[in-house]
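>>> please find the sequence and the predicted model below.
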Amino acid sequence: MAQIATIETGNQPRLSAEASAESVRLLRELLVSHQAELHLRGEMTISDSLQAAARQEIYRAVEGIDKRMRLDTGANLPTLDYLLSTQNQRYVLVTATQGFTRTPNNYSGQVAKSIGVGVLTMGMMVPIAIKAKSIICLFIYDRQQKAIVYYNHTPPPAEREPLNQAVLERQLRTMLAKDFPLR
């Protein structure tokens, strides 16, 4: 799952289906390339009719864990339960990405605006334009226990491009280094 926005004018992000799909594709390639280290056996496909429900459940679970900092929350995942039961699987590794990216013209315009504000306020206020942000959350859900048994996310936001495979690779490696060392 991915929710990637693009900023084309001003500072108004708009959820982009194209950017989200590209983020999913890039992350899928990374997971497949590290399939052995992550002990993955296949890929669970989610039909179009279940996409919205699964997306809502997954992001609600991530938000619940992030808010309470405990795994005992957010495990009400009936859509994942259904999908796992139809594919006769007990566990699923779920990735959820969020972030935004700017168009090149927008970013250069925001940098110019930051410089202008800095000059006008004699350095008292200098807004910093952030070019991009990428957050990856990953969890393992156990259908039998009806629980999220593993959860991890990227370190606090830094300026990361969500549509750059090398950036996503670094994020994944950093996030999983302790539990799943990637080659």
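Right, received. Where do you want to start?

>>> in which helix or strand does residue 20 reside?
Per DSSP states H and E: residue 20 is located in helix 17-33.

>>> which other residues reach that helix?
1-6, 38, 40, 43, 93, 95, 97, 99, 101, 136, 162-163, 165, 168-169, 172 (C-beta atoms under 8 Å, 6 or more residues apart in numbering). No exception for glycine: its C-beta is placed from N, CA and C like everyone else's.

>>> ok, now stretch 140-156?
So stretch 140-156 is contacted by 61-62, 65-66, 71-72, 74-75, 77, 80-81, 84-85, 89-94, 134-139, 160, 171, 174-176, 179 (C-beta under 8 Å, 6+ apart).

>>> try 7 Å this time
61, 65, 71, 74-75, 77, 80-81, 84-85, 90-94, 135-139, 171, 174-176 (C-beta atoms under 7 Å, 6 or more residues apart in numbering).

>>> what's the first helix or strand after the helix or strand of the chain with the lowest mean pLDDT?
Of all the helices and strands that make up the chain, helix 104-120 has the lowest average by mean pLDDT, DSSP states H and E, namely a mean of 70. Where DSSP H and E defines the elements, the next helix or strand beyond helix 104-120 is strand 132-142.

>>> can you give me the angle that next one makes with helix 17-33?
Strand 132-142 and helix 17-33 meet at an angle of 50 degrees, taking axes from the mean of the first three to the mean of the last three C-alpha atoms, to 10 degrees as the criterion.

>>> could you identify the helix or strand that succeeds strand 132-142?
strand 147-153.

>>> what about residue 40, how many neighbours?
14 (other C-beta atoms under 10 Å).
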